[in-house]
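Participant: my questions concern the predicted model and sequence given below.
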Amino acid sequence: MMLYATLWWYFHQKEPEPYLDTPECQNTPLEGRPRGEWRVHIKQEGVFQKRTIQKLERMGLISLEDPIVGLESDNSLPVCFTSRRAFWQINPRIFLFPIIPPDMGDSSPSGRSSSPTPVDTPGQGSKPLSSSSSEMRRQINNPFNSHSRMPTYYPPPPQQYTVTNGVRHPRRQKPAHQGETVYIRYIPSVEQILSFRVPILEEKTERRSQQIHEVIASTSDTDTSSYPIPADPIPDLEYLHHWMNCPRVERFWGTAGPHKIQEAFLTDQLTSRHSFPLFGCWDGMPFGYFEVYWVKEDRLGRLVSGGVDDFDRGIHCLIGEEEYRGPHRVLLWLTSLIHYCFITDSRTQAVYLEPRVDNVKFIDYLEKAGFHKEGEVTFPHKQSALMKIKREFWEAPAL
């Protein structure tokens with residue numbers, strides 16, 4: 001945990017110049033010189049010696065320059081380092097967990113939770129919780145909370161296959177439950193906490209304000225009372241209804257209309273076998289709707305020339321709140337979603353998006369985030385640009 005936290009701080013500092021200085025490139029202009037990767041070297045002294053270094057290397061936090069058995073009698077290790085690219089592809093749940101467990105009274109029956117603390121809707125105040133909200137409170141915790149004082153990371157399960165609509169694909173694990181936060185990260189450039197959680201589809205409840213405060217409090221030393229929390233409870237369906245009826249959104253999603261249309265839409269997503277919905281939140285306040293899906297069994301997978309890998313992911317995006325639009329905000333939440341896909345399953349090698357070809361501004365944002373256009377695909381309802389980013393070329397989430 002100590003080394004992970006130190007590296008996290010280090011990779012938030014200003015990036016050094018990437019250009020290498022070799023004898024062969026002395027006459028080459030700076031911008032044309034070969035580039036290296038940002039590395040932090042680990043000195044083998046103090047606690048970082050022999051067996052500890054060996055454990056950290058096997059956990060993926062450090063790499064060895066020369067991974068051989070060796071002939072030295074003292075079994076000395078070669079140069080140890082961590083690159084920025086490798087660091088941001090490590091699931092932080094391997095290393096981050098609370099030393100003091102949360103209140104056991106709020107624990108789930110399983111005794112070990114990997115979801116964030118509830119937030120009964122913004123601004124609930126001292127209103128009593130309904131029975132359904134009380135149950136939600138027991139189930140929803142910060143993603144790093146662990147009643148067993150152990151990391152909340154689980155390795156990928158043994159690979160099994162099944163067939164869906166004639167497509168053979170790996171058997172997928174159950175996604176996060178309603179209300180569970182799957183990703184949370186402090187963004188220094190905007191001084192806000194970005195999180196993604198599964199929306200809750202239920203009758204109107206007062207379910208989210210305390211969750212907002214608890215999630216923020218668990219990841220920040222800031223006084224949480226300074227964060228704006230709406231006075232009235234707003235169900236997730238109400239957010240989605242408002243966003244879908246925005247003309248800008250309706251142009252691309254086509255799901256405007258009364259609440260029953262958005263309710264049926266969200267129900268379909270919550271019951272999908274290869275996709276699940278997410279709400280993006282800034283300091284706990286929803287700003288957009290997203291979907292993360294497995295490309296292999298999605299209709300996109302049948303259209304990609306050459307096929308896709310078993311664990312490739314796809315993303316759908318909708319920004320509902322006007323104040324959170326703009327190129328910098330897009331880069332923050334987009335690279336965070338990519339980050340989530342890569343750390344959730346180390347077997348995921350690529351992330352796809354398929355925006356409509358006339359959505360020129362968003363396609364430009366994707367290219368600036370590192371995506372490249374592989375071509376176009378034709379759906380019954382739209383012509384899409386096939387945008388792809390591979391793990392090996394992804395560097396880090398925007399800060």
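Facilitator: Alright, I've got the coordinates.

Participant: tell me the secondary structure of R248, please.
Facilitator: At R248, secondary structure determined by DSSP: H, G, I helix; E, B strand; the rest coil is helix.

Participant: oh, I was asking about T52
Facilitator: helix.

Participant: check the gap between it and K390 for me.
Facilitator: Note on T52: its distance to K390, by C-beta to C-beta, to the nearest Å, is 33 Å. For the C-beta atoms, the positions are set from N, CA and C on the backbone; glycine is no exception.

Participant: how about L96?
Facilitator: Counting by C-beta to C-beta - L96 and K390 are separated by 27 Å.

Participant: ok, H274 next?
Facilitator: From H274 to K390 the distance is 21 Å (C-beta to C-beta).

Participant: likewise for F279?
Facilitator: Distance from F279 to K390, by C-beta to C-beta: 27 Å.

Participant: neighbour count for the two, which is higher?
Facilitator: The neighbour comparison of F279 against K390 (other C-beta atoms under 10 Å) goes to F279, with 22 against 13.

Participant: pairing partners for the helix or strand hosting that one, with directions?
Facilitator: F279 is located in strand 275-282, with elements delineated by DSSP states H and E. When pairing is defined by DSSP bridges, strand 275-282 lines up against strand 192-197 (antiparallel), strand 285-294 (antiparallel).

Participant: what domains does the record give for the chain?
Facilitator: According to automatic domain parsing, the chain comprises the domains 2-87, 159-393.

Participant: quick one: the shortest one to chain centroid distance?
Facilitator: Think domain 2-87. 25 Å (C-alpha atoms, centre = their mean, to the nearest Å).

Participant: how many neighbours does the closest residue in space to Y324 that isn't next to it in sequence have?
Facilitator: Once flanking residues are discounted, Y324 sits nearest to F287: 4.2 Å by C-beta to C-beta, 6 or more residues apart in numbering. Look at F287: counted by other C-beta under 10 Å, it has 22 neighbours.

Participant: give me the pLDDT for F287.
Facilitator: Confidence at F287, expressed as pLDDT, is 95.

Participant: where exactly do the strands run in the chain?
Facilitator: 39-42, 63-64, 80-83, 161-164, 167-170, 181-187, 192-197, 275-282, 285-294, 313-319, 350-353, 372-378, 383-390 (DSSP state E).

Participant: how far does the fourth one sit from the chain's center?
Facilitator: Which is strand 161-164. 26 Å.

Participant: partner strands of that strand, parallel or antiparallel?
Facilitator: strand 167-170 (antiparallel).

Participant: do the second one as well
Facilitator: With DSSP bridges as the test, strand 63-64 is paired with strand 80-83 (antiparallel).

Participant: worst mean pLDDT among the domains of the chain?
Facilitator: domain 2-87 (a mean of 82).

Participant: start to end distance for it?
Facilitator: 14 Å (C-alpha to C-alpha, to the nearest Å).

Participant: try stretch 26-36
Facilitator: First-to-last residue span, stretch 26-36, C-alpha to C-alpha: 16 Å.

Participant: that one: which residues count as buried?
Facilitator: R33 (16 or more other C-beta atoms under 10 Å).

Participant: having no further points to raise, I will conclude here.
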